[in-house]
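Asker: A predicted structure for the sequence below; I have some questions about it.
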Amino acid sequence: MDKSWMMICDRLKSKEYQQGVKSFIDFATKDLCPHNDIRCPCVDFLNGTKHSRQVVWLYLIRRGITCSYRTWVHHGERVPLHHGQPSVSNDAGERDGAKIFDVDDHLGESPTMLEEIYMSGLMDDHINGEPNSSERENLVKFIKLFDDARRKVYPECEKFSVLSFVIKMLHIKDNAKLDNCPTCKESRYKFTNTSGKKIPHKILRYFPLTPRLKRLYMSKKTAADMRWHKEKHVDDGLLRHPADGQAWKDFDMQHPMFSVEPQHLRLGLV
């Protein structure tokens, strides 16, 4: 099911958006009686209040649907977390490299915990009042966390989801204060000298990034070199500088206000 219409801003004039709202209401009411109310996923109610399908349609047209509500669990769509569980495909998400995949092996008990919270707490039928600002903020944060648990770090990644990768990085950070390796139990330090200072086996030395970049502009020569891509670059079709690459040109098109200033820096990871 294509959900790309949820990102359209011009709701009142877009036939695609209005058709998308109709398809959503048809999906949400396919197993309900004509007089049954449904939860309203607009930006005001965030599935916290039930209305008739006509009122929901009106709110979605005038106020807009919550863009982060990608899996319609409040309206009958299954949460695709476990093996063999049927789900409704999300074409828009797949095009963005956010194809849903099984993260049970990467998060341990986290998917089950998230699913239980999502399917019980958020779908509590006793919630009839409008959510306050704090509840809306918490709900948006949880929906983002839930989406991160099901989204790959990059399209070809099969080992980590965004959430599991962040958790892994936090665990590595926690190991910074350990005296022994958590895997092989070897000491992190060679020995302790007479002054009591610990000498580690491995030392990583580096220049802090911000001061290093500032120093490049302290010299007239290097400062001119830093602006070369804008002031002296010749676009003759030959690839001799990163500015000749398609990635650089695409970045300039997407961020024209940034690219107009020649002293702005682009950092790349290799």
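Answerer: Looks like it arrived, so ask away.
Asker: domains for the chain, by residue range?
Answerer: Here the domain parsing of the chain from automatic domain parsing is 4-166, 219-259.
Asker: least reliable of those going by mean pLDDT?
Answerer: Lowest mean pLDDT within the domains of the chain: domain 4-166, a mean of 71.
Asker: any idea how far apart the tips of it sit?
Answerer: Domain 4-166 has its terminal residues 27 Å apart, counting by C-alpha to C-alpha, to the nearest Å.
Asker: distance of residue 241 relative to residue 211?
Answerer: Residue 241 sits 25 Å away from residue 211, going by C-beta to C-beta, to the nearest Å. Where you see a C-beta, it was placed from the backbone N, CA and C, and this is true even at glycine.
Asker: more neighbours: which of the two?
Answerer: Under the neighbour definition other C-beta atoms under 10 Å, residue 241 and residue 211 were set side by side, and residue 241 has more, 12 against 8.
Asker: which strand or helix spans the closest residue in space to residue 245 that isn't next to it in sequence?
Answerer: Take residue 245 and drop its neighbours on the chain: the residue closest to it by C-beta to C-beta, 6 or more residues apart in numbering is residue 239, 6.7 Å away. Under the criterion DSSP states H and E, no helix or strand holds residue 239.
Asker: all helices for the stretch 151-270 of the chain, in order.
Answerer: Listed in chain order, the helices of the stretch 151-270 of the chain (DSSP state H, counting those that start in this stretch) span 162-174, 209-216, 220-226, 228-231, 246-254, 256-259.
Asker: turn these into CSV, columns for distance to residue 153.
Answerer: Listed next are these as CSV, based on distance: least, C-beta to C-beta, whole Å:
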stretch, distance to residue 153
helix 162-174, 5
helix 209-216, 23
helix 220-226, 32
helix 228-231, 30
helix 246-254, 19
helix 256-259, 25
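Asker: go through these and name the closest to residue 16.
Answerer: helix 246-254 (23.4 Å; C-beta to C-beta).
Asker: pull that closest one out as PDB, backbone CA atoms only.
Answerer: What follows is helix 246-254, C-alpha atoms only, in PDB (Å, rounded to 0.1, in the frame of the first residue of the first chain):
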ATOM      1  CA  GLN A 246      28.100  14.300  -8.700                       C
ATOM      2  CA  ALA A 247      27.700  14.000  -5.000                       C
ATOM      3  CA  TRP A 248      29.200  17.500  -4.500                       C
ATOM      4  CA  LYS A 249      27.000  19.000  -7.200                       C
ATOM      5  CA  ASP A 250      23.900  17.300  -5.800                       C
ATOM      6  CA  PHE A 251      24.700  18.700  -2.300                       C
ATOM      7  CA  ASP A 252      25.000  22.200  -3.800                       C
ATOM      8  CA  MET A 253      21.600  21.900  -5.400                       C
ATOM      9  CA  GLN A 254      20.000  20.700  -2.200                       C
END
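Asker: when you give positions from now on, start the count at 262
Answerer: Sure thing, new numbering starts at 262, so read that last one as helix 507-515.
Asker: what helices or strands is that helix leaning on?
Answerer: Using 3 or more C-beta pairs under 8 Å, 6 or more residues apart in numbering; DSSP states H and E as the contact test, no helix or strand touches helix 507-515.
Asker: go through that helix and flag the buried ones.
Answerer: Within helix 507-515, no residue is scored as buried using 16 or more other C-beta atoms under 10 Å.
Asker: ok now that helix, how far from the chain's centre?
Answerer: 22 Å (C-alpha atoms, centre = their mean, to the nearest Å).
Asker: strands of the stretch 262-411 of the chain, residue ranges please.
Answerer: 299-300, 311-312 (DSSP state E, counting those that start in this stretch).
Asker: nearest to residue 449, out of these?
Answerer: Proximity to residue 449 (C-beta to C-beta) singles out strand 299-300 among the strands of the stretch 262-411 of the chain, at 53.0 Å.
Asker: so what touches that closest one?
Answerer: For strand 299-300, contacts defined as C-beta atoms under 8 Å, 6 or more residues apart in numbering pick out 286, 289-290, 293, 306, 308-312, 314, 317, 335-336.
Asker: so what strands line up beside it?
Answerer: Strand 299-300 pairs in its sheet with strand 311-312 (antiparallel), by DSSP bridges.
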